[in-house]
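K.L.:
Just a sequence and a predicted model for now, questions to come.
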2 protein chains.
Amino acid sequence: MTPGFTAAPATGLHLIADLAGCDGLCDVALIEEALREAAEAAHVHVLSVHLHPFGPEQGVTGVALLAESHISIHSWPEEGLAAIDIFVCGPLADAEAALAVICARLGGTLRHVQAIPRLGARTRATLAP
Amino acid sequence: MTPGFTAAPATGLHLIADLAGCDGLCDVALIEEALREAAEAAHVHVLSVHLHPFGPEQGVTGVALLAESHISIHSWPEEGLAAIDIFVCGPLADAEAALAVICARLGGTLRHVQAIPRLGARTRATLAP
């Protein structure tokens, strides 16, 4: 277990990113490397990686479970698209660095990106009643 | 493999939900049940479920990988908080039904919820240049 995780308050940053023009979206080994390198770049700790290839020349769905939450990918190679989530907690976690690694590894460009504060990182002003 | 997944275009709906006042956030079996029942309610197909308990009376991090993307949870029992993501693709997937199941199973209330169209479900008007 990674020290300090459960002692940390529940605050997080969630990057939602849709990528276009990607390569290697059927390549399970490449995607696992991208997830692990992204975690390293973000200074977060991988607990486990789980990948499901849908078949030859088809997409991959997968997740790296982190001590600090998760990084996930779902890919559509026939469209060159990938949906990436980088949800990290703790003051040292660098979600943007993780996203840069994934974009570089897949050769994709950002079609949409959105940063969402989670839990205690969300300001009181934006809380639902 | 679930028929039709890779034939479907890359469109999805991602529900981001932060829950407060939850019970059972250390209970791995309860959380697995909640994930599987949520998937059933959403009419999506579970490929695998992966859960990591951080220790007795500590949080759980986990994911249900779906043929239609994923449902994840990260819990902070000491604060009664859970961060839920329900990312589902396809016209039949009902993310709201999944969220209702998770709220009911954990006894939590929604502190924040946000629905994000992913990939092809995002209108052209909102695409980054």
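P.N.:
Here it is on my side, so go on.
K.L.:
The longest helix anywhere in chain A near chain B anywhere?
P.N.:
The longest helix of chain A (DSSP state H) is helix A:28-42. No: applying C-beta under 8 Å from any C-beta of the partner chain, one finds helix A:28-42 separated from chain B by no less than 12.7 Å. In short, each C-beta sits where N, CA and C put it, glycine included.
K.L.:
buried stuff in that helix?
P.N.:
Residues A:31, A:32, A:34, A:35, A:38, A:39, A:41, A:42 are the ones in helix A:28-42 that count as buried (16 or more other C-beta atoms under 10 Å in any protein chain shown).
K.L.:
right, and the helix or strand after that helix?
P.N.:
Downstream of helix A:28-42, the first helix or strand assigned by DSSP states H and E is strand A:46-53.
K.L.:
tilt between that following strand and helix A:28-42?
P.N.:
150 degrees (axes from the mean of the first three to the mean of the last three C-alpha atoms, to 10 degrees).
K.L.:
strand partners of strand A:46-53, parallel vs antiparallel please.
P.N.:
strand A:60-66 (antiparallel) (DSSP bridges).
K.L.:
The helix or strand just after the partner strand and chain B in contact?
P.N.:
As assigned by DSSP H and E, the chain's next helix or strand after strand A:60-66 is strand A:69-76. Yes: counting by C-beta under 8 Å from any C-beta, chain B has neighbours in strand A:69-76: A:69, A:70, A:72, A:74, A:76.
K.L.:
who does strand A:69-76 touch, helix- and strand-wise?
P.N.:
Identification of packing neighbours for strand A:69-76 by 3 or more C-beta pairs under 8 Å, 6 or more residues apart in numbering or on different chains; DSSP states H and E yields helix A:28-42, strand A:60-66, strand A:81-89, helix A:95-106, strand B:60-66, strand B:69-76, strand B:81-89.
K.L.:
Figure out which of these is closest to residue B:118.
P.N.:
Closest of the helices and strands packed on strand A:69-76 to residue B:118 is strand A:81-89, at 5.2 Å (criterion: C-beta to C-beta).
K.L.:
quick one, what contacts residue A:80?
P.N.:
A:20, A:21, A:22, A:23, A:25, A:108 (C-beta atoms under 8 Å, 6 or more residues apart in numbering or on different chains).
K.L.:
Same check on residue A:73?
P.N.:
Here residue A:73 is in contact with A:31, A:34, A:35, A:60, A:61, A:62, A:63, A:82, A:83, A:84, A:85, A:102 (criterion: C-beta under 8 Å, 6+ apart).
K.L.:
ok, 6 Å please
P.N.:
A:62, A:82, A:84 (C-beta atoms under 6 Å, 6 or more residues apart in numbering or on different chains).
K.L.:
Which one of those sits in the busiest neighbourhood?
P.N.:
Neighbour count (other C-beta atoms under 10 Å in any protein chain shown) singles out residue A:82 as the most crowded of the contacts of residue A:73, with 29 neighbours.
K.L.:
Next, the distance between the ends of stretch A:86-99.
P.N.:
Using C-alpha to C-alpha, to the nearest Å, one end of stretch A:86-99 lies 7 Å from the other.
K.L.:
In contact with residue A:99, which residues?
P.N.:
With C-beta under 6 Å, 6+ apart, residue A:99 has these contacts: A:15, A:17, A:86.
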